[in-house]
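K.L.:
test case, fold it:
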Amino acid sequence: MVYLEYVAVLDRYLDAQKVYESILMEKETLFQRTQPKSANMEDDKVKGTHTGNTFEDYVIAKEKKQLDQRLDEARSILDDRGKLVNLKLEELRQSNAIEDKIYRYRHIEYMAMWKIARLVNYSEMQVYRIHRKILKDIQNVRKC
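P.N.:
All right, here's what the predicted structure looks like:
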């Protein structure tokens, strides 16, 4: 069943997307420290100025955490996973298995069940049964 392979590849792509997003957020948070902040007017005390350069601190922290390298690697993995998802999607579109067709029509093309029943020449109830089996199979694959 190609749809099971597609779901597995898509899940790994989404995981790679989350990793990329987390590294990007880490970099953004680090960069926000360099941005000027408003003065706190509630304090009466005059504080000395910060002698360090915030941008230099940012660059040093970024190098220490190797953010650019990690971001490039995550982007590369994400791109490769995206290509794999597209290949599996094309393979799914070419498949003639009834489960693959129903999955494609329902979850990729978002068709109504009665329309799918017409396209595959099955009764609507039979399409619902096959779709329930597909969902159960996907759930089992995701557990592993």
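K.L.:
what's the span of stretch 91-111, first residue to last?
P.N.:
19 Å (CA to CA, to the nearest Å).
K.L.:
what's the average pLDDT for it?
P.N.:
For stretch 91-111, mean pLDDT is 96.
K.L.:
74 is where my numbering starts, stick with that
P.N.:
Noted, 74 is the first residue going forward, which turns the last one into stretch 164-184.
K.L.:
list of residues touching it?
P.N.:
74-76, 78-79, 162, 186, 188-189, 192-193, 195, 200, 203-204, 206-207 (CB atoms under 8 Å, 6 or more residues apart in numbering). Every C-beta, even on glycine, is put in place using the N, C-alpha and C of the backbone.
K.L.:
report the distance from it to the chain centre.
P.N.:
How far stretch 164-184 lies from its chain's middle: 21 Å, per CA atoms, centre = their mean, to the nearest Å.
K.L.:
please name every helix or strand in contact with the longest helix belonging to the chain.
P.N.:
As assigned by DSSP state H, the longest helix anywhere in the chain is helix 75-105. Here helix 75-105 touches helix 127-138, helix 140-167, helix 171-176, helix 197-216, going by 3 or more CB pairs under 8 Å, 6 or more residues apart in numbering; DSSP states H and E.
K.L.:
buried set for the last one?
P.N.:
Taking 16 or more other CB atoms under 10 Å as the basis for neighbour counts, the residues of helix 197-216 that come out buried are 200, 203-204, 207, 210-211.
K.L.:
next: the longest one.
P.N.:
Buried residues in helix 140-167, counting neighbours by 16+ other CB under 10 Å, are found at 140, 143-144, 147, 150-151, 154, 157-158, 161-162, 165.
K.L.:
give me the contact list for stretch 87-104.
P.N.:
131, 134-135, 138, 140, 143-144, 147-148, 150-151, 154.
K.L.:
next: stretch 76-83.
P.N.:
154, 157-158, 161-162, 164-165, 168, 172-173, 176-177, 207, 210-211, 214-215.
K.L.:
care to break this protein down by domain?
P.N.:
74-108+127-168, 169-217 (automatic domain parsing).
K.L.:
among the buried residues of helix 197-216, which two are most distant?
P.N.:
Val200 and Ile211 (16.3 Å; CB to CB).
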